[in-house]
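Build me a model from this:
(one chain, ligands or ions: 1)
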Amino acid sequence: MGISIGLVGLGSFGSGFADLFKSHPAVDRVGLCDIEPERVARFAEKESWRDKFDPSDAYGSLDEICKSDLDALVIITQPWLHAPQAIQAMESGKHVYSAVPIISLPDADEILDWCDRLVKTCERTGMRYMLGETTFYRSQAMYCRRRAAQGDFGRFVHAEAQYFHDVDDPGCNLRDVRKSRFNSKSGREGQKMLSRYKGVISGPMHYPTHSVSGPVSVMGAHMTRVCAWGQKDETGDDYFKGTFTNEVALFRMSNGATARIAECRQIGHPGEEMFRIFGTEASFREDQWVTKESWNKLTVDEMRGSLPASVKEAFQKGLNTSDVYGGHGGSHAFLVHEFCDAIANDREPVINIWEAVRYMAAGATAHKSALAGGEVMDVPDWGDAPANR
Ligand SMILES: NC(=O)c1ccc[n+]([C@@H]2O[C@H](COP(=O)([O-])OP(=O)(O)OC[C@H]3O[C@@H](n4cnc5c(N)ncnc54)[C@H](O)[C@@H]3O)[C@@H](O)[C@H]2O)c1
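Next comes the predicted model:
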């Protein structure tokens, strides 16, 4: 018998994952949940959903779906909601997939507190948590992890990673994204809740996963010390309201390497999500494997990992396309497979809570350092996932 999954949050991002989760061969029942009924109806009324969706599995709130007997919930709600909703789901006996980041709030200490609560909830309930970090399954990251597993980098020396997403990026304008996330019942409630933080200086390091996860997942090491600086908007732009627009951090890592991470939202540069990793024997930069003697440009197919044939076929059929990998560097199909396979086989997902808090803690502590004018700070850590889970 397969697993049952409830999709919570069918807005702009969540709706792009619905057909993938529904098509996975390990899934034999899917529930749909959103406070906005028309977002549920968009899938509930589809002929192609009849095989795995029953109208009794349509839910109007997280509270309702938590009372169901579904095995797991996929939470793709607004970023300030993720952590408390994940905890509520796990306390109701459900495994959780959460969109990134773990949580985004203006206050860094509150974010770290949510990290702690999530780890403790996983430990106490025995439920599994996976962070849907798209960078983890970009082809570059998959390739570098294979190389790292073979020891091809030698000893890791240094990494550079950055997520540049200017507020006015023509491909994805952040003003429009914010407007759209506030334009729902939960969005309006969130806007009210966030207004409590007036005067608290936030920054892009509170959404650090697309930069930090590359070096951390490839090196299998985490950030231990940080000093960071932030820049503030000087134009009076209402989007930023006195927060940091750009933040850059230098980290010491648990393997002795260093890493420079940049998160920029006000930058004259096309959107870029990129990492470079340097080792004593070889390095990776801009899709190239570099040794002391040569530079080898790689294709996406050479870098990308593979899905099991049966999963790829099911996705092709479900999505009615031969290109199943989806957005964000082809990561969507891999994320969905990893979560469904982990839950179906009762194993810990690779981007489990112990891995996920390492991305978030690095960013939140970098932000605290930037607020303190570059003071060097320890990055909290919750250890590796316990081996016996
Ligand atoms: N590369 C990436 O990994 C990436 C890219 C884009 C978005 N995201 C993440 O995806 C998340 C969703 O973004 P979006 O643009 O789709 O937002 P959105 O506002 O379009 O969708 C969120 C949906 O969640 C629903 N919701 C909120 N609370 C609920 C509750 N209690 N019960 C049921 N439904 C509830 C809302 O009604 C809404 O439809 C964000 O947190 C964002 O960080 C990640």
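
Which residues of this protein lie near the ligand?
Counting by C-beta under 6 Å from any ligand atom, the residues of the chain close to the ligand are 8-14, 33-36, 39, 61-62, 76-79, 81, 99-100, 134, 180-181, 184, 186-187, 328. C-betas here are computed from N, CA, C, even on glycine.

for the residue in the chain that the ligand sits nearest to, what are its contacts?
Closest approach between the chain and the ligand, counting by C-beta to the nearest ligand atom: residue 11, at 2.0 Å. Listed by C-beta atoms under 8 Å, 6 or more residues apart in numbering, the contact set of residue 11 reads 34, 36, 39, 76, 77, 78, 180, 181, 184.

In TSV, list the residues you listed along with pLDDT.
As requested, those are arranged in TSV below (pLDDT from 0 to 100):
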residue	pLDDT
34	98
36	98
39	98
76	98
77	98
78	98
180	97
181	97
184	97
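
now those residues in TSV, with distance to residue 364?
Formatted as TSV, the contacts of residue 11 follow (distance: C-beta to C-beta, whole Å):
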residue	distance to residue 364
34	29
36	30
39	31
76	22
77	20
78	18
180	25
181	21
184	27
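
From those, list just the buried residues.
34, 36, 39, 76, 77, 78, 181, 184 (16 or more other C-beta atoms under 10 Å).

Which pLDDT value goes with the residue nearest to the first one when sequence neighbours are not counted?
Distances taken as C-beta to C-beta, 6 or more residues apart in numbering put residue 10 closest to residue 34, at 4.5 Å, once the chain neighbours are dropped. Reading off the per-residue confidence, residue 10 sits at a pLDDT of 98.

what does the average pLDDT come to for the helix or strand that contains residue 366?
In this assignment (DSSP states H and E), residue 366 forms part of helix 353-371. On average, the pLDDT along helix 353-371 is 98.

can you check stretch 311-318 too?
96.

buried residues in it?
So, applying 16+ other C-beta under 10 Å, buried residues of stretch 311-318: 311, 312, 314, 315, 318.

Return the distance of it from the chain's centre.
23 Å (C-alpha atoms, centre = their mean, to the nearest Å).

Repeat that for stretch 145-152.
23 Å.

same question, stretch 20-27
20 Å.

Repeat that for stretch 249-257.
21 Å.

With just CA atoms, put that stretch into CSV.
Taking Å, rounded to 0.1, in the frame of the first residue of the first chain, the C-alpha atoms of stretch 249-257 are listed here in CSV:
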residue,chain,number,x,y,z
ALA,A,249,29.2,37.1,5.6
LEU,A,250,32.5,35.3,6.1
PHE,A,251,32.2,32.0,7.9
ARG,A,252,34.6,29.5,9.5
MET,A,253,33.3,26.0,8.9
SER,A,254,33.4,22.8,10.9
ASN,A,255,35.9,21.2,8.5
GLY,A,256,38.4,24.1,8.8
ALA,A,257,37.4,25.7,5.4
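
Mind listing what's buried along that stretch?
Buried residues in stretch 249-257, counted by 16+ other C-beta under 10 Å: 249, 250, 251, 252, 253, 254, 257.

Any chance you could list what contacts stretch 263-272?
Residues outside stretch 263-272 that contact it (C-beta under 8 Å, 6+ apart): 162-167, 169, 171-172, 174, 203-205, 207-208, 211, 231, 233, 237, 240, 245-248, 363.

can you check stretch 16-30 too?
Here stretch 16-30 makes contact (C-beta under 8 Å, 6+ apart) with 1-7, 10, 32, 43, 49, 52-54, 57, 70, 74, 76, 310-311, 314-315, 317-319, 324, 326-327, 332-333, 336-337, 340-341, 343-344.

Selection in PyMOL covering whichever of these are buried, please.
Those of these that count as buried under 16+ other C-beta under 10 Å are selected in PyMOL with:
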select buried, resi 3+4+5+6+7+10+32+43+49+52+53+57+70+74+76+311+314+315+318+319+324+326+332+333+336+337+340+341+343+344
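
Which members of the contacts of stretch 16-30 occur in strands, if any?
Under the assignment DSSP state E, the contacts of stretch 16-30 contribute 3, 4, 5, 6, 7, 32, 74 to strands.

Any chance of JSON lines for the residues you listed, columns pLDDT?
Below are the ones in strands among the contacts of stretch 16-30 laid out as JSON lines (pLDDT from 0 to 100):
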{"residue": "3", "pLDDT": "98"}
{"residue": "4", "pLDDT": "98"}
{"residue": "5", "pLDDT": "98"}
{"residue": "6", "pLDDT": "98"}
{"residue": "7", "pLDDT": "98"}
{"residue": "32", "pLDDT": "98"}
{"residue": "74", "pLDDT": "98"}
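
which stretches of the stretch 101-250 of the chain form helices?
108-125, 139-149, 174-182, 185-194, 209-219 (DSSP state H, counting those that start in this stretch).

Who are the contact partners of residue 377?
Counting by C-beta under 8 Å, 6+ apart, residue 377 makes contact with 225, 226, 227, 365, 368, 369.

mind redoing it with 10 Å?
Going by C-beta atoms under 10 Å, 6 or more residues apart in numbering, residue 377 touches 225, 226, 227, 228, 365, 366, 368, 369.

Please name the bridge partners of the third one.
For residue 227, the residues forming beta bridges with it (DSSP bridges) are residue 250.

In space, what's closest to residue 200 - neighbours in sequence excluded?
Nearest to residue 200 is residue 106, by C-beta to C-beta, 6+ apart, at 4.3 Å.

Domain-wise, how is the chain divided?
3-132, 136-306+353-378 (automatic domain parsing).

Dump the ones you listed into a markdown table; add distance to residue 387 as well.
Shown next, in a markdown table, are those (distance: least, C-beta to C-beta, whole Å):
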| stretch | distance to residue 387 |
| --- | --- |
| domain 3-132 | 14 |
| domain 136-306+353-378 | 11 |
